[in-house]
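S.K.: just the structure for this:
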Amino acid sequence: MSAVSETIVREYLELHGFFVRQQRKYVAPSRREDDEIDFYTLNPHYEPGAPLPFVLSSADLKGVARALVVVKGWHTETFSPGMLANAPEIFRFVEPAAFEHAAKSFGGAGPLTKMLVVPALPSGEEARAQSIELLRVKGIDAVIPFRTMLADLIEEIEVNRNYQKSDLLQIIRILKNYDFFREPQLELFKPGRRKR
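M.R.: Model (predicted):
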């Protein structure tokens, strides 16, 4: 997994007040069942309430107490039903042995959400519903798209602050400072193509 994708997820979760723990920062020569989980997260401001939606937004994070987070930073892929059927490694972390080992090493009581960070789900309603159903059947509790994370990070970064301890946040701040990120706006009267 790309370190950039991992950094985006870590910064996003920390922005929302989560404590984030990575099992190890080195790449082991041989894979073990617990190598599949990228982060353990704990939300000290957990608010129990309504059941979480499957596709999480930033507002839904307050309802996550603890989570095992797996990041799939395949930014050119859409998690379509066909791709999910041909990529069993995505679901390795929810297999009983891997999940039990991870849950035991994370410790504590309370609900434990199995969260998958995905580049995108299909935009078509039927394909999206099929992908969500397949992910649920395999044991995933929730997904959060990278688009949600990046949009939130961009919105929260202040141009006049120095994020010296985070290269990612500092780059976003610089790009915002030079107007590479614009405020979302309605294009009510979008100019049409000029006629010749």
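S.K.: send me stretch 171-187 as PDB with only the CA atoms.
M.R.: Taking Å, rounded to 0.1, in the frame of the first residue of the first chain, the C-alpha atoms of stretch 171-187 are listed here in PDB:
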ATOM      1  CA  ILE A 171       1.200  20.700   0.600                       C
ATOM      2  CA  ILE A 172      -2.600  21.200   0.800                       C
ATOM      3  CA  ARG A 173      -2.100  24.500   2.500                       C
ATOM      4  CA  ILE A 174       0.300  25.700  -0.200                       C
ATOM      5  CA  LEU A 175      -2.000  24.600  -3.000                       C
ATOM      6  CA  LYS A 176      -4.900  26.400  -1.300                       C
ATOM      7  CA  ASN A 177      -2.800  29.500  -0.900                       C
ATOM      8  CA  TYR A 178      -2.200  29.600  -4.700                       C
ATOM      9  CA  ASP A 179      -5.900  29.000  -5.500                       C
ATOM     10  CA  PHE A 180      -5.500  25.500  -6.800                       C
ATOM     11  CA  PHE A 181      -8.500  24.500  -4.700                       C
ATOM     12  CA  ARG A 182     -11.600  26.600  -5.200                       C
ATOM     13  CA  GLU A 183     -14.600  26.900  -3.000                       C
ATOM     14  CA  PRO A 184     -17.500  24.800  -4.200                       C
ATOM     15  CA  GLN A 185     -19.900  26.900  -6.100                       C
ATOM     16  CA  LEU A 186     -23.200  26.600  -7.900                       C
ATOM     17  CA  GLU A 187     -22.900  27.200 -11.600                       C
END
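S.K.: pLDDT of it, averaged?
M.R.: Stretch 171-187 carries an average pLDDT of 80.
S.K.: for the protein, just list every one of the strands.
M.R.: Assigned strands in the chain, in chain order: 19-21, 39-42, 66-71, 112-118, 142-145 (criterion: DSSP state E).
S.K.: make CSV out of the ones you listed and add mean neighbour count and distance to Gly82.
M.R.: Glycine gets a C-beta too; all of them are placed from N, C-alpha and C. Output for these, formatted as CSV (neighbours: other Cβ atoms under 10 Å; distance: least, Cβ to Cβ, whole Å):
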stretch, mean neighbour count, distance to Gly82
strand 19-21, 13, 32
strand 39-42, 21, 28
strand 66-71, 23, 20
strand 112-118, 22, 15
strand 142-145, 21, 17
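S.K.: for Arg161, find the nearest of these.
M.R.: Among the strands of the chain, strand 19-21 comes nearest to Arg161, with 20.9 Å by Cβ to Cβ.
S.K.: residues contacting that closest one, please?
M.R.: Arg10, Leu13, Glu14, Phe39, Tyr40, Thr41, Leu42, Asn43, Pro44, Phe106 (Cβ atoms under 8 Å, 6 or more residues apart in numbering).
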